[in-house]
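Asker: Below is the sequence, then the predicted model.
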Amino acid sequence: MRARITELILLFGVLPVALLVLRSSGIRVSPLPVLWLAAAGCVVLLWRMGRISDPNRESSVNARTRRSVMAEVVITIVIGSALLLLLYPLISDEPMARFPRERPGLWLVVLVVYPMLSVVPQGIIFRRWFVARYRPLLGSGAMMILVGAACFGWSHLLFGNPVAPLITAVGGIFFLRTYLRGGSGWLSDLQHAVLGDVAFTIGYGQWLYAGAVN
């Protein structure tokens, strides 16, 4: 158990700091290739654990719970979108929705490509593999959600600003809760993708991915 705690700290605590230090020293570290490589490694590890089909066992979730989780997903998307709208003028001087207004073609590409190239790999790492690997250590309740969300937010240190880790940590709470309650990685990915697309549309791309809006 102690070895697993050390592993968690090194992978999700120390590694993001090391990547940020590399970037700060002038060494270019592109987030997406790092993400894809990590996701591929997690797929291999899940396969070796015999959990590649569905690490959270969606079939064990009854229909009533699944409907409740789906309703919660809709509610969190609506409330989350409203909060993102309200927060943006408080933290940015840039015009809201500048990205879709000035670069509509690229904006549409991002809306489609972002879920496939970013959300799905993050779902593999921070939900499917994280839960499969650390459930014996963290359980399936509040401790798992809080630690998992903190790790998800902390991983965004690479972007070099305080906004990305904070808002992704909050989002991570809802995404991981959806995964644990609903037993569906794809449902939590959908929740993540919609809120991410909303964030990019509003203007959070300036913090969430360098070059997304400029």
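Answerer: Everything's here; your move. Remember, it's a predicted structure, so these values are computed and weren't measured experimentally.
Asker: So which residue is dead centre in this protein?
Answerer: For the chain, Gln122 is the residue whose C-alpha lies nearest the centre (CA atoms, centre = their mean; 5.3 Å).
Asker: my read: that one touches Val34, true?
Answerer: No - with contact defined as CB atoms under 8 Å, Gln122 does not reach Val34; the gap is 11.5 Å. For glycine as for every other residue, the C-beta is placed from the backbone atoms N, C-alpha and C.
Asker: And the host helix or strand of Leu87, what's buried?
Answerer: Per DSSP states H and E, Leu87 falls inside helix 63-91. For helix 63-91, a neighbour-count test (16 or more other CB atoms under 10 Å) marks Arg66, Val69, Met70, Glu72, Val73, Thr76, Ile77, Gly80, Ser81, Leu84, Tyr88 as buried.
Asker: can you list the weak-confidence ranges in this structure?
Answerer: 51-60, 210-214 (pLDDT under 70).
Asker: which residues of it fall in helices?
Answerer: Along the chain, the stretches classed as helices by DSSP state H are 2-9, 15-24, 31-48, 63-91, 98-102, 104-114, 120-123, 130-138, 142-154, 163-182, 185-202, 205-208.
Asker: And for the fifth one, what's in contact with it?
Answerer: With CB atoms under 8 Å, 6 or more residues apart in numbering as the test, helix 98-102 has contacts from Pro95, Leu106, Trp107, Val110, Phe200, Thr201, Gly203, Gly205, Ala212, Val213.
Asker: From Phe99, how far off is the second one?
Answerer: By that I understand Leu106. 8 Å (CB to CB, to the nearest Å).
Asker: Contacts only, for the closest residue to Thr65 other than its chain neighbours.
Answerer: Spatial nearest neighbour of Thr65, chain neighbours left out: Arg181 (6.7 Å); criterion: CB to CB, 6 or more residues apart in numbering. Counting by CB under 8 Å, 6+ apart, Arg181 touches Val61, Thr65, Ser68, Val69, Glu72.
Asker: hang on, the earlier thing: from the buried residues of helix 63-91, which single one is nearest Ala193?
Answerer: The nearest member of the buried residues of helix 63-91 to Ala193, counting by CB to CB, is Ile77 at 10.1 Å.
Asker: quick one: contacts for Ser140?
Answerer: Val131, Leu180.
Asker: If we use 6 Å, what do you get?
Answerer: With contacts defined as CB atoms under 6 Å, 6 or more residues apart in numbering, Ser140 is in contact with Leu180.
Asker: that older thread, compare Leu106 and Phe99 (neighbour count), which wins?
Answerer: Phe99 (23 against 13; other CB atoms under 10 Å).
Asker: can you tell me how far the more buried one sits from Leu45?
Answerer: 36 Å.
Asker: Any idea how many residues pack against Arg127?
Answerer: 25.
Asker: Enumerate every residue touching it.
Answerer: Here Arg127 is in contact with Tyr179, Gly185, Ser188 (criterion: CB under 6 Å, 6+ apart).
Asker: any idea which of the residues you listed has the most stuff around it?
Answerer: Neighbour counts for these, by other CB under 10 Å, peak at Tyr179, which reaches 30 neighbours.
Asker: Please tell me I have it right and that one contacts Ser188.
Answerer: Yes - counting by CB atoms under 6 Å, Ser188 is a contact partner of Tyr179 at 4.1 Å.
Asker: Could you export the contacts of helix 98-102 as JSON lines, including distance to Asn161?
Answerer: Shown next, in JSON lines, are these (distance: CB to CB, whole Å):
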{"residue": "Pro95", "distance to Asn161": "19"}
{"residue": "Leu106", "distance to Asn161": "21"}
{"residue": "Trp107", "distance to Asn161": "21"}
{"residue": "Val110", "distance to Asn161": "19"}
{"residue": "Phe200", "distance to Asn161": "15"}
{"residue": "Thr201", "distance to Asn161": "19"}
{"residue": "Gly203", "distance to Asn161": "13"}
{"residue": "Gly205", "distance to Asn161": "12"}
{"residue": "Ala212", "distance to Asn161": "13"}
{"residue": "Val213", "distance to Asn161": "13"}
